[in-house]
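Engineer: Test case, fold it:
(chains A, B, C, D, E and F)
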Amino acid sequence: MVNTILFVAGVFMALGILLALFRFIKGPDITDRTIAFDVMTIASITVIALIAHFAGRIIYLDVALVYGLLSFLSVVAIGRYIERGL
Amino acid sequence: MIKKGLLLILLVGFVAVISGLLINFTGSNELNPLASYYAEKGPTEVGAANLVTAVVITYRGFDTLGEVTILFIAAAIVGFFLKTMNADTNRPLRLRKTSEILETASTLLVPTIFMLGAYIFVNGHLTPGGGFQGGAVIATGVMMIILARPASQFNHKLISVLESISGIGFVVMGVLGLVLASGFLNNAFLPLGKLGSLLSAGAIPIIYVFIGIKVGSELTSILDSLKENQNEI
Amino acid sequence: MSILLAIFLGLVILVLAITAIYHKNTKVAIIATGTVGLFASVLYLLLAAPDVALTEASIGSGLSTIIFFYVLNKIRQSND
Amino acid sequence: MNIRNVANLFVLLFLIWLLLTGTFELTSLLLGLVLAGALALIFGKNSSVFGKLRFTPKMLAYSLIYLFVLSWEIVKSNIDVALRVINPKLPINPGIVKIKTRLKSPMGRMILANSITLTPGTLTIDMKDDELYIHWIDVKTLDAEKASQEILGKFEKLLEVIYG
Amino acid sequence: MEIREIIGASVTLVGSIFIFLGGLGIVRMPDLFNRIQAGTKASTLGTILSLIGLGIINPAWIWKLLVIVFFVLITNPVSSNVISRAAHFRGTKMTDKTVADLLVESENKTREE
Amino acid sequence: MAQYLTLEFIAMLTGFILIIIGLWGMITQKNLIKLVIGFSLFDTGLNIVIVSMAYVKNSTAPIIDKAVDVSQAASKIADPVPQALVLTSIVIGLGVTALMLAYVLRMYREKKSLDINSYTDLRW
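Structural biologist: This next block holds a predicted model:
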């Protein structure tokens, strides 16, 4: 029962990532793509937590922490590059 | 045109070789003898709960030494290349100021990021991570400082001193392993402790602290040499 | 279940890789490369390698994207 | 050197260490104390961002209330924006408006800006002195006073008490 | 505890629906700022809800999940702020429905200085 | 067909296709930065292939904690050796990428061009 609900949740997350991927490929400007990148990585953090649940290992959550941190920093670097502040 | 055709043939040959490999690949159902030796003997011989750490630091410690050396050489060459470049123009650069939000957020985030980096390399023998990842996270913290305050300067002497001390420390730990225990980078000259506690696995936490500081300072020096030159263009 | 996720991740990675090679805008190509790294890190986690996933997320994807953007920035600065 | 600043940073870092390790093993606690102390000394010495915070019962109670208000606002406006997204006509009426804030402490201002951004429908774009430029998905008024009342009326009073 | 697990899974499901809506918003909205409004915010809430739901299922994980939630809450608004500021400075086109833009004047002033 | 529908096979296939895409990009693209991007993709693909070889069916991460006991470790974990090697490889990949980008920057300063066809000095 629980696993079925979580499976459906995973499908929704995958659909969200796919929609963001569509915007990434289509997006007319680099800023749109950066936002799509942001959404994809935020959704991926949840996917990582879900994998950790199915594997039953708490240690996998460390990866989600570092993942979120580094994606944040990439976005900030891209933003500073766009506004000529790097 | 001929060149393109030749390249295409090369690529097709590559694909053929790969597909041959792929068709016969079935995956494995059990560990091979070497890996099962590590899995069975690793926890008692090395005392590290994270077997990847046991392999990286102890069983294949020489590889890690070489890797650190390669990273050091790469950082040195990047610095050398960018520093000897003659400046094109001497126009002062006008950077746009950061927003206040990013600046305040960075004062909150930078200590937290450093704490996270320290957690990752101190707990390298218990949880995923270790010197390399922790060092990278620490370099990220430095990166955050640069991004939030582009005008800030680094203490180059501090970076190079940290790098040398941690490099020497790493080699000294290795030699101590050779003298006091059975081989180079053998960690068993300190008590192995209870599996799964912070003070276990002999010298591995100490070695990982050295590697973490070394990798962090090397990556910082790469980023720094990329930034440094910016004001000269 | 995990197979479906692996197929999904593989497809996303390949689409992003083709974008990275064929897109005319270099900045977009760089972001796509970084995203390939991040999704590869989820794939590593699925393959029971959290150490490698951590390394890929922090070093292979994060820092290298930032270094790419620094270099692009310098190229742009020496242009104008 | 600002003692209060260093102490606040130390508490924050040690709390994060505890949450990360999740154990109360003695060596781990000692190491966390040493690390948090060193980092707080290095980073807290030259800044005064954390200095304004005083842990009084009143401040803790207001922080709790703030957390509840913020989460309620986030959920409410998320549903509002979600309904706009699903609606085939896409009923949006966006614009960038200017509002004014009375807050002075940097931490309070950052939390205010982040709260505005976290609430869908409003997004902080820039912050200059006491003026905030907000992208609003459904502009109701262009007047600075009324817009301030509309957007940050709930947050500002609480934050003023918390960060003084 | 079967009921607790089902409650946690339902919270995760609600979170994943918000992530999906974020993806939908990022595709449907007409310009960058509205995309940030609909995309990043909804997915942030979705992530937080999903992590809390997983924490309800596995109570031992709640501490580490709280750290992740803390990081997401601090970093996410900052990154969307940085991007929107850069986009506005660069002169990204806004949709025709836009009512007002009061930032342009003050930004032009700083540019002239 | 069913024998190919396993996690490790799919990952390995992804890795190999990524290698081919990276190689193709390195061969066909004229932009120097695109060459470095191709190298980066090649690197990632290679790492995925090696990690997928390390995977043992239904295994979990080679880290011993409450979820995996010492006594049953050998029957439950994935192969730690390739993972350790990949860890090394990723770090070295970053070093090589940084080095290549420094070369690109240097070359750009000399000729003000990122097109590979304008570097004809050593052509034969």
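
Engineer: Show me what the strand or helix carrying residue F:90 is packed up against.
Structural biologist: Assigning secondary structure by DSSP states H and E places residue F:90 in helix F:80-111. Secondary-structure packing of helix F:80-111 (3 or more Cβ pairs under 8 Å, 6 or more residues apart in numbering or on different chains; DSSP states H and E): helix B:33-45, helix B:51-53, helix B:61-83, helix B:204-228, helix C:50-55, helix C:64-79, helix F:32-54. Where you see a C-beta, it was placed from the backbone N, CA and C, and this is true even at glycine.

Engineer: wouldn't residue F:96 be in contact with residue B:73 here?
Structural biologist: No - judged on Cβ atoms under 8 Å, residue F:96 makes no contact with residue B:73 at a distance of 10.9 Å.

Engineer: More neighbours: which of the two?
Structural biologist: residue F:96 (16 against 13; other Cβ atoms under 10 Å in any protein chain shown).

Engineer: Could you measure from the residue nearest to that one when sequence neighbours are not counted over to residue F:102?
Structural biologist: Spatial nearest neighbour of residue F:96, chain neighbours left out: residue B:74 (7.0 Å); criterion: Cβ to Cβ, 6 or more residues apart in numbering or on different chains. As for residue B:74, its distance to residue F:102 is 9 Å (criterion: Cβ to Cβ, to the nearest Å).

Engineer: The residue nearest to residue F:96: what's it in contact with?
Structural biologist: Remark: with contacts taken as Cβ atoms under 8 Å, 6 or more residues apart in numbering or on different chains, residue B:74 is in contact with B:222, F:95, F:96, F:98, F:99.

Engineer: Would you indicate which residues of the helix or strand where residue C:4 lies are buried?
Structural biologist: Here residue C:4, judged by DSSP H and E, is contained in helix C:2-22. By 16 or more other Cβ atoms under 10 Å in any protein chain shown, the buried positions in helix C:2-22 come out as C:5-10, C:12-21.

Engineer: Am I right that residue C:52 is in contact with residue F:47?
Structural biologist: Yes - counting by Cβ under 8 Å, residue C:52 touches residue F:47, with 7.3 Å between them.

Engineer: Give me the contact status of stretch A:2-12 with chain D.
Structural biologist: No - using Cβ under 8 Å from any Cβ of the partner chain, we find that stretch A:2-12 stays clear of chain D, coming within 13.3 Å at best.

Engineer: Kindly report the same for stretch B:97-112.
Structural biologist: Yes - Stretch B:97-112 reaches chain D (Cβ under 8 Å from any Cβ) through B:99, B:100, B:101, B:104, B:105, B:107, B:108, B:110, B:111, B:112.

Engineer: State the phi and psi torsions of the first one.
Structural biologist: By that I understand residue B:99. phi -70, psi 160 (degrees, to the nearest 10).

Engineer: Let me know the pLDDT of it.
Structural biologist: For residue B:99, the model assigns a pLDDT of 79.

Engineer: okay but it is in contact with residue D:126, surely?
Structural biologist: Yes - assessed by Cβ under 8 Å, residue B:99 is found in contact with residue D:126 at 6.1 Å.

Engineer: Touching both of the two, which residues are there?
Structural biologist: residue E:85.

Engineer: export the helix or strand of chain F with the lowest mean pLDDT as CSV, just CAs?
Structural biologist: Scoring the helices and strands of chain F by mean pLDDT, DSSP states H and E places helix F:73-76 at the bottom, with a mean of 74. What follows is helix F:73-76, C-alpha atoms only, in CSV (Å, rounded to 0.1, in the frame of the first residue of the first chain):
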residue,chain,number,x,y,z
ALA,F,73,28.3,-8.0,4.3
ALA,F,74,29.9,-10.2,1.6
SER,F,75,26.5,-11.3,0.3
LYS,F,76,24.8,-7.9,0.3
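
Engineer: by contact count, what packs against that helix?
Structural biologist: Using 3+ Cβ pairs under 8 Å, 6+ apart: helix F:73-76 touches helix B:33-45.

Engineer: which residues are in contact with the helix it packs on?
Structural biologist: B:30-31, B:48-49, B:51, B:54-55, B:59, B:188, B:195, F:62, F:64, F:70, F:73-74, F:77, F:79-81.

Engineer: Please identify the buried residues of it?
Structural biologist: For helix B:33-45, using 16+ other Cβ under 10 Å, the buried residues are B:35, B:36, B:38, B:39, B:42, B:43, B:45.
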